[in-house]
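Asks: Could you look at this predicted model? Sequence included:
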Amino acid sequence: MKGQDAERDGATAAAAFMSSLDARDASPHTKRAYRTALEQYLDWLEGVPTVHWTRPPRRTLRAYLAELDGRGLSRSTVSSRVAALRSFYRFCRRQGWVAGDPWAAIVTPRRSRRLPRVMEVDDVERLLDAVPGSAGTPVGQDVAATVPAAIELRDRAIVECAYAAGLRISEIAGASVGDVDLGHGELRVLGKGRKERIGMLGAPALDALRAYLTHGRPVLADAGDGADDALFLNSNGRGMTTRGVRGRIDHLVRRAGLPEKTTPHTLRHSFASHLLEGGADLRVVQELLGHASLSTTQIYTHVSPGRLQQSYRAAHPRATSDTEPADDSTDEEADRS
């Protein structure tokens, strides 16, 4: 069945599926990605004669994969699109609208497992020093009650917290004042899948956050109506968006002269890698990052060549040059005996 009925059926099923995501409290990012995947897939199917969305044959699905590849999409994006379609068909099967998931038998390209970009500790310091005024004013010292000075305190607190707790920019933007526990050095955030976790804050992050809350945030709050409880406010007194947080960190990256590929997420990668290099347990890092699967955390277990050699020399019994060589005469006598 093709034409308007098929289009309406597919659109109706897609709308119902998207409503189910609302009921599951899916993140805005997930909903946007799933909506894009569904709309493009159903639109493409409309151009395929004699194929109905409820029962597309394998050759049609393979042709769609070829279409996505032809658009230059990455393996990761293609895998995400197919995951969205599988979720859609599983939903439709539960509703009794389809007999099964046609995508279940389709093999998709594996996602490439690239090592994450990691900053050196010195580079993190360079990023912090890029905040105007940070080099000359100790954190916590009284500053002029101006919006530019308040923004400087806010930016430093953002970078310190992002690195100290391995935060995503969405978690930074979503945090509220009530999520901060300065006494215990903790920040409660809402991560992927709306899962709550506790981020740990070290002394530098706590100092920066305390200075911002005392001297910076009140100034920014006065620029608005003072009713927004977001932890990090913009110059208009409203909660910062993920785009706003990303923009500020990108600005500091350029100001610090760091590589262009250094992103806000690089701070999160660095947090995990530096913890593991310092001897932290992998499962502890998994909890701190909020990863559902340990395999996701394992990508951070890469080590630098220098640390690799150091660990090898410290652990292997024959790694050092002063290892005693075997006594050839003893070996020869043993062979003859």
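Replies: Nice, I can see it.
Asks: model confidence over the helix or strand harbouring E171, on average?
Replies: Element membership of E171, judged by DSSP states H and E, is helix 169-174. The average pLDDT for helix 169-174 rounds to 91.
Asks: From the chain's centre, how far out is it? Work that out for me.
Replies: The chain centre lies 11 Å from the centre of helix 169-174; the measure is Cα atoms, centre = their mean, to the nearest Å.
Asks: Show me where the stretch 201-337 of the chain dips below the pLDDT cut-off.
Replies: 302-312, 320-337 (pLDDT under 70).
Asks: center of this structure, which residue is that?
Replies: Central residue of the chain (Cα atoms, centre = their mean): R168, 5.4 Å from the mean position.
Asks: give me the element the closest residue to it other than its chain neighbours is part of.
Replies: Nearest residue to R168, sequence neighbours excluded (Cβ to Cβ, 6 or more residues apart in numbering): R268, at 6.4 Å. (C-beta placed from N, C-alpha, C; glycine too.) According to DSSP H and E, R268 maps onto helix 264-277.
Asks: Show me the contact partners of stretch 242-262.
Replies: With contact meaning Cβ atoms under 8 Å, 6 or more residues apart in numbering, stretch 242-262 is reached by 117, 119, 123, 126-127, 129-131, 155, 158-159, 162, 169-170, 172-173, 232, 234, 240, 263-264, 267.
Asks: list the buried ones in that stretch?
Replies: T242, G244, V245, R246, R248, I249, L252, V253, A256, L258, T262 (16 or more other Cβ atoms under 10 Å).
Asks: next one: stretch 12-24
Replies: A13, A14, F17, M18, L21.
Asks: part of a helix, is the fourth one?
Replies: This points to M18. Yes. Assigned with DSSP: H, G, I helix; E, B strand; the rest coil, M18 falls within a helix.
Asks: Surely it touches K31?
Replies: Yes. With contact defined as Cβ atoms under 8 Å, M18 counts as touching K31 (6.7 Å).
Asks: where are the low-confidence patches of the stretch 51-200 of the chain?
Replies: Applying pLDDT under 70 to the stretch 51-200 of the chain picks out residues 109-116, 133-144.
Asks: Sticking with V124, tell me its helix or strand.
Replies: helix 121-129.
Asks: Need the contact partners of that helix.
Replies: Counting by Cβ under 8 Å, 6+ apart, 119, 134-135, 156, 159-160, 163, 252-253, 256-258, 262, 267, 270, 274 sit against helix 121-129.
Asks: And it, how far out from the chain middle?
Replies: The chain centre lies 20 Å from the centre of helix 121-129; the measure is Cα atoms, centre = their mean.
Asks: helix or strand right after it?
Replies: Next helix or strand after helix 121-129 toward the C-terminus (DSSP H and E): helix 147-165.
Asks: Buried by neighbour count: which residues of that next one qualify?
Replies: Those would be 147, 149-165, for helix 147-165 by 16+ other Cβ under 10 Å.
Asks: got it, and stretch 38-57?
Replies: L38, Y41, L42, L45, V51, W53, T54, P56.
Asks: out of those residues, who's nearest G191?
Replies: Checking the buried residues of stretch 38-57 against G191 with Cβ to Cβ, the nearest one is L38 at 24.6 Å.
Asks: Distance-wise, check the closest one relative to S20.
Replies: 12 Å (Cβ to Cβ, to the nearest Å).
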